[in-house]
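Engineer: below: sequence and its predicted model.
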Amino acid sequence: MKPVRKVVIPVAGHGTRVLPATKSIPKELLPLVDRPLIDYVVREALDAGIEHVVLVTGRGKSAIEDYFDHAFELEAGLEAKNKTELLSSVRAPIQTAGAISYTRQQSPLGLGHAVWCARDIIGDEPFAVSLPDVVIDAAPSALAQMVTVYEKTGGNIIAVEEVAQEETNKYGIVAPKADRSGRLFEMSGMVEKPAPAKAPSNLAITGRYILQPEIFGLLEKTERGTGGEIQLTDAMDALMEQQSFFAYEYEGRSHDCGSKLGWLKANSALALKRPDLGKAYRDFLAAEL
Ligand code: G1P
C-alpha cells in the first residue's frame, strides 16, 4: 500500500462569509490567536507524516506564499537580538526546499475543481485534502488519526462529525450503512448540502479526506452540482461505487473559521487553553459577562 505523502489544501476561495475582513487579506491568513489559519492546517498535516504540501491558490492570495517563505530581514533582526523564541515562531512550519507546491485555480468552479487542479502534482498516489477553514483541535491531529486508520484499511477515508439537523444544508452529509458501529464505518452514499428534511443523517463531512488518485478521472467528468459548482462530494459518491470508502468520526473539536461566529469561538477556545494568555483572557471574559 502506498503511503499518504501529499496534502492538497485549496486556498483559492474568496472568504465571502468573513467579509469585509477578507477584502484584501486571504481568509487563510486570518489569525487564530497569533498564527494564521493556514499554519494550523499545515502543522496538522505534518503531524500526520505528510511530506509535501500542495496549495491550490488563486488571484489575490500571494501573501500565503510569502508566509511559507523565509523572512530574511525579520529573522536576521530577531537573531541579532537573541529573540530565539520569536525567531522559531516566525520560521515557516515547512522548511524543506521543494516540499511545497502552488498551482492556481483560475476560476471559482468549486472544491471538486480545486482538487482536480492538483492532479499532475499528486500523480498516481493516495493523498490527503484539508480545508483550511476547518481547524481541528485534536491530539494526535485529526489527519494523523485518519492516516493511522488508513494504514489498516487502505481505500478512501473522510472525516465526519455530528452537526445539528437544521444545519445539514451547510455541509456534505453522509448516509451510514445500517450496521454502523464505532468511529469507522462504511456508507451507502453522500450528498452535498441537503435540506434538513432530505438529509440522510446528521453526519457532516468535516474537511479532511484521504483519497485515491482515481478521484481525478471522476472529477474530470463531474458536472456542476449544488450551488452550480463542481462538488468533490459528487465525485466521491461515484468513487464509492468502485473502491472501499470509509467515514471516520475523529476524536477532537472542530471550528468552522470560515464564518464570523466560528472564527470568534475558535479564537476564544484556543486562547483559553494557552498557558501565556488563558488566565488573563478568562478574567477578562468573566468581567465582560
Ligand atoms: C465544503 C464541502 C462540504 C464540507 C465542508 C466542510 O463545503 O463541499 O462537503 O462539509 O466543506 O467545511 P464549503 O464549506 O466549502 O461550501
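Structural biologist: Great, that's in hand. Numbers count the residues shown, from 1 in each chain.

Engineer: counting neighbours, what do you get for the closest residue to the ligand within the stretch 151-289 of the chain?
Structural biologist: Nearest residue of the stretch 151-289 of the chain to the ligand (Cβ to the nearest ligand atom) works out as residue 172 at 2.5 Å. Backbone N, C-alpha and C define where each C-beta goes, glycine included. Residue 172 is flanked by 25 other residues according to other Cβ atoms under 10 Å.

Engineer: and what of residue 270?
Structural biologist: 19.

Engineer: now do residue 152
Structural biologist: Going by other Cβ under 10 Å, the residues that sit close to residue 152 add up to 8.

Engineer: which strand or helix spans the nearest residue to residue 256 once chain neighbours are set aside?
Structural biologist: Excluding its sequence neighbours, the residue lying closest to residue 256 (Cβ to Cβ, 6 or more residues apart in numbering) is residue 262, at 3.6 Å. Taking DSSP states H and E as the definition, one finds residue 262 inside helix 260-273.

Engineer: again with residue 276
Structural biologist: Per DSSP H and E, there is no helix or strand for residue 276.

Engineer: OK, contacts around it?
Structural biologist: With Cβ atoms under 8 Å, 6 or more residues apart in numbering as the criterion, no residue contacts residue 276.

Engineer: what does residue 111 give?
Structural biologist: 10, 131, 229, 230, 231, 232 are the contacts of residue 111 under Cβ under 8 Å, 6+ apart.

Engineer: repeat for residue 54
Structural biologist: 6, 7, 8, 9, 100, 101, 102, 103, 118, 121, 122.

Engineer: now do the helix holding residue 262: distance to the chain's middle.
Structural biologist: 17 Å (Cα atoms, centre = their mean, to the nearest Å).

Engineer: pull out the buried residues from that helix.
Structural biologist: If you call a residue buried by 16 or more other Cβ atoms under 10 Å, then helix 260-273 has these buried ones: 262, 263, 266, 267, 270, 271.

Engineer: quick check: angle from the helix or strand following that helix to helix 260-273?
Structural biologist: Moving toward the C-terminus from helix 260-273, the next helix or strand (DSSP H and E) is helix 278-288. With axes from the mean of the first three to the mean of the last three Cα atoms, to 10 degrees applied, the angle from helix 278-288 to helix 260-273 works out at 130 degrees.
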